[in-house]
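>>> here is the input, now give the coordinates:
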Amino acid sequence: MHHATGLISIIALGLVCAFVGGMAAQRLRLPPLVGYLVAGIAIGPFTPGFVGDPELAAQLAELGVILLMFGVGLHFSLKDLMAVRAIALPGAVVQIAAATAMGAGLAAAFGWSLGAGIVFGLALSVASTVVLLRALEGRGLLDSDKGRIAVGWLIVEDLAMVLALVLLPALAPSLGGVAPQGGQGGAAHGLLATLALTLAKVGVFMAVMLIGGRRFVPYLLGLAARTGSRELFTLAVLASAVGIAFASSELFGVSFALGAFFAGMVLAESDLSHQAAADSLPLQDAFAVLFFVSVGMLFDPGILIREPLSVLGVLGVIVVGKSLAAIAIVLAFGHPVGTALTIAASLAQIGEFSFILAGLGIGLKLLPEPGRDLILGGALLSITLNPLFFALAERASAWLGERPEWRRRLERRGAAPLAVGGHEPGMAGHAVLVGYGRVGSAIAGALADWNLPYVVVERDRRRVEELRAVGVPAVFGDAAAPGILEAADIGSARLLVVATPDSHQGRRLLRKARAANPTIDSVVRTHSDAERRRLEEDGVGLVLMAERELALGMMTYALRSLGVREGDARLFVDTSRTESQVAPATEPESPAPELRQRRDEPE
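From the prediction side, this is the model:
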């Protein structure tokens with residue numbers, strides 16, 4: 001008996017090919033998203049073999065967009081945005097405007113209309129949330145100043161794209177496209193009337209969600225949670241996301257994406273938001289993968305051969321144009337050049353919002369089909385090359401660190417000169433504290449409480465100015481640059497504290513400090529177990545890895561909670577710390593947990 005298996009086929013082959021592609025990309029040290037897109041190309045109509053149903057793929061992609069935007073709203077943090085609003089808000093807006101202008105100029109060179117240029121430029125201006133967050137997390141930068149600025153910048157970009165998704169359907173007829181469902185409302189009533197009607201609908205929808213939705217959705221989830229059924233709770237979460245997205249489109253004429261974003265945002269205020277995120281994550285990930293697969297199915301790889309110069313032009317806007325704009329903006333706001341380079345590398349790619357905008361532009365008859373292929377080609381190449389951009393940013397930062405005059409010229413642009421040293425020379429027996437972030441400021445506070453002398457070395461000129469204003473000795477500059485540690489009197493210091501997350505810099509600083517002061521003690525922070533071992537082999541007094549110290553702290557509490565005497569628990573933890581310091585670099589294939597080996601030992 002034959003059954004209609006189109007939907008099953010596209011889901012099954014999509015997930016299987018995505019898994020194979022994602023694993024291959026991971027082995028090549030590329031983001032899995034590249035593998036998902038390539039999987040879509042493999043089952044698309046432009047490559048031989050099985051061809052998936054494009055209509056079913058488009059509907060699965062729409063469901064993927066709903067769950068993707070629901071996740072964006074669920075993780076939206078106004079607190080994170082406000083913490084870096086001084087740079088993230090104007091920086092992201094200016095960068096979006098610059099990238100959109102460059103994209104529109106490129107579209108004009110292709111002979112496209114103004115409407116196509118605007119959609120094309122907007123699609124090239126916004127970075128992928130998935131790629132950016134995973135890149136920062138993999139390098140231990142997510143909780144750093146650089147990471148927080150990049151995440152805040154990304155939040156502003158996402159909000160700007162949500163606004164674009166609202167306004168583009170209303171503006172489409174005036175830009176040479178068609179209104180949704182083929183209507184001509186914009187042409188009949190005029191641009192201002194269409195905009196007013198669209199904004200009024202969106203305003204009513206937002207009011208309903210912020211007034212009623214923020215009460216009803218948490219109440220609905222609370223009812224499901226009180227039943228004690230995990231299935232019902234998960235169903236309530238998904239029903240809220242998909243139901244609100246569908247109702248918002250039917251009742252208010254807004255996009256599925258906007259409805260899902262607000263559903264996630266109102267749910268984020270509930271105390272059930274973390275459980276909701278955890279329960280919806282597997283399905284959200286699965287359909288997000290199918291979204292990227294469906295996008296890959298629409299890509300014609302032949303454009304890489306037919307129009308290589310056009311693809312290179314798009315890649316140039318994404319990689320060079322956006323990066324230069326981001327660097328100029330960050331430096332103009334007085335941030336260190338290392339922060340500027342990291343943010344530039346973070347934004348030098350495009351992803352999910354670009355695909356959503358491209359699909360909307362084609363649906364509104366604004367963007368021609370080759371525009372989507374160019375956007376997809378630029379996304380594939382930029383995401384693939386993104387790890388290389390981060391490596392180049394790190395090398396460029398290190399290269400500039402060895403040329404302090406060049407770095408100071410870049411960082412002082414538009415700002416008054418700042419003296420390197422901000423304390424009286426001739427200190428002795430003090431601590432040199434490199435980095436004044438969350439870790440460094442806590443250490444400095446402890447030293448100040450005990451009236452112990454210290455000097456801070458910091459690359460952020462604003463922090464240096466704030467420290468000097470309250471009487472804290474501070475040196476401005478990159479500690480690895482020639483003359484900076486000398487300005488902090490490293491030759492007569494007793495202790496070097498490296499509180500920055502860059503472990504590679506820790507080794508360079510250690511060599512410089514010992515060259516000037518062979519007997520200096522040191523404590524270094526790192527995020528890598530291999531780097532920790534290298535530093536310990538170099539004779540660092542104490543190397544702390546955040547994950548290991550977290551494990552040891554939890555281990556101490558667990559042993560005490562289960563009845564082990566405090567002295568025995570601390571002795572065991574100290575022994576574990578010592579053993580991990582002398583452990584070989586390569587772990588055994590089947591390590592036995594240390595606690596199990598010792599449970600049967602006599603007291």
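
>>> what about Gly471, which SS state?
Three-state call for Gly471 (DSSP: H, G, I helix; E, B strand; the rest coil): coil.

>>> state the distance from it to His430.
Distance of Gly471 to His430, computed by C-beta to C-beta, to the nearest Å: 15 Å. C-beta: built from backbone N, CA, C; applies to glycine.

>>> neighbour count: those two, which is higher?
Using other C-beta atoms under 10 Å, the more surrounded residue of Gly471 and His430 is His430, with 20 against 9.

>>> does that one really touch Val455, like I thought?
Yes - contact between His430 and Val455 holds when scored by C-beta atoms under 8 Å: they sit 6.1 Å apart.

>>> name the residues contacting each of the two.
The overlap between the contact sets of His430 and Val455 (C-beta atoms under 8 Å, 6 or more residues apart in numbering) consists of 489, 493.

>>> tell me if I'm right that Gln505 and Leu496 touch.
No - using C-beta under 8 Å, Gln505 is not in contact with Leu496; the gap is 12.0 Å.

>>> check contacts around Val254.
Neighbour list for Val254: 166, 201-202, 205, 248 [criterion: C-beta under 8 Å, 6+ apart].

>>> phi, psi of it?
Main-chain torsions, Val254, degrees, to the nearest 10: phi -90, psi 170.

>>> quick one: Glu301 is in a helix?
One thing to correct before we go on: residue 301 is Pro, not Glu. No - using three-state DSSP, the assignment for Pro301 is coil, not a helix.

>>> report pLDDT for it.
pLDDT for Pro301: 87.

>>> these two touch, right, it and Thr47?
Yes - between Pro301 and Thr47 there is a contact under C-beta under 8 Å: 7.3 Å.

>>> between those two, which contacts overlap?
Counting by C-beta under 8 Å, 6+ apart, the residues touching both Pro301 and Thr47 are Ile41.

>>> and the helix or strand Gly147 falls within, what does it pack onto?
Assigned by DSSP states H and E, Gly147 belongs to helix 145-171. When contacts are defined as 3 or more C-beta pairs under 8 Å, 6 or more residues apart in numbering; DSSP states H and E, helix 145-171 sits against helix 78-83, helix 85-110, helix 114-125, helix 129-138, helix 191-207, helix 256-268, helix 337-347, helix 352-363.

>>> and with 6 Å instead?
Contacts defined by 3 or more C-beta pairs under 6 Å, 6 or more residues apart in numbering; DSSP states H and E place helix 145-171 against helix 78-83, helix 85-110, helix 191-207, helix 256-268, helix 337-347.

>>> nearest to Val217, out of those helices?
helix 256-268 (5.4 Å; C-beta to C-beta).

>>> centre of the chain to that closest one, how far?
20 Å (C-alpha atoms, centre = their mean, to the nearest Å).

>>> need the contact partners of that helix.
Residues outside helix 256-268 that contact it (C-beta atoms under 6 Å, 6 or more residues apart in numbering) are 65-66, 69-70, 73-74, 76, 162, 165-166, 209, 213-214, 217, 240-241, 244-245, 248-249, 273, 276.

>>> just give me how far stretch 339-349 sits from the chain centre.
How far stretch 339-349 lies from its chain's middle: 11 Å, per C-alpha atoms, centre = their mean.

>>> alpha carbons of that stretch, as CSV, please.
The C-alpha coordinates for stretch 339-349 follow below in CSV (Å, rounded to 0.1, in the frame of the first residue of the first chain):
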residue,chain,number,x,y,z
THR,A,339,38.1,45.0,21.5
ALA,A,340,37.6,46.6,18.1
LEU,A,341,39.3,43.6,16.3
THR,A,342,37.3,41.0,18.3
ILE,A,343,34.0,42.7,17.6
ALA,A,344,34.9,43.1,13.9
ALA,A,345,35.7,39.3,13.7
SER,A,346,32.5,38.5,15.5
LEU,A,347,30.4,40.5,13.0
ALA,A,348,32.2,39.3,9.8
GLN,A,349,29.5,36.8,8.9
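
>>> tell me the spacing between Val217 and Asp158.
Counting by C-beta to C-beta, the gap from Val217 to Asp158 is 21 Å.

>>> so the two - more neighbours on which side?
The neighbour comparison of Val217 against Asp158 (other C-beta under 10 Å) goes to Val217, with 26 against 21.

>>> thought that one was touching Ser240?
Yes - at 5.4 Å, Val217 counts as touching Ser240 under the criterion of C-beta atoms under 6 Å.

>>> which residues touch Leu385?
The contact partners of Leu385, by C-beta under 6 Å, 6+ apart, come to none.
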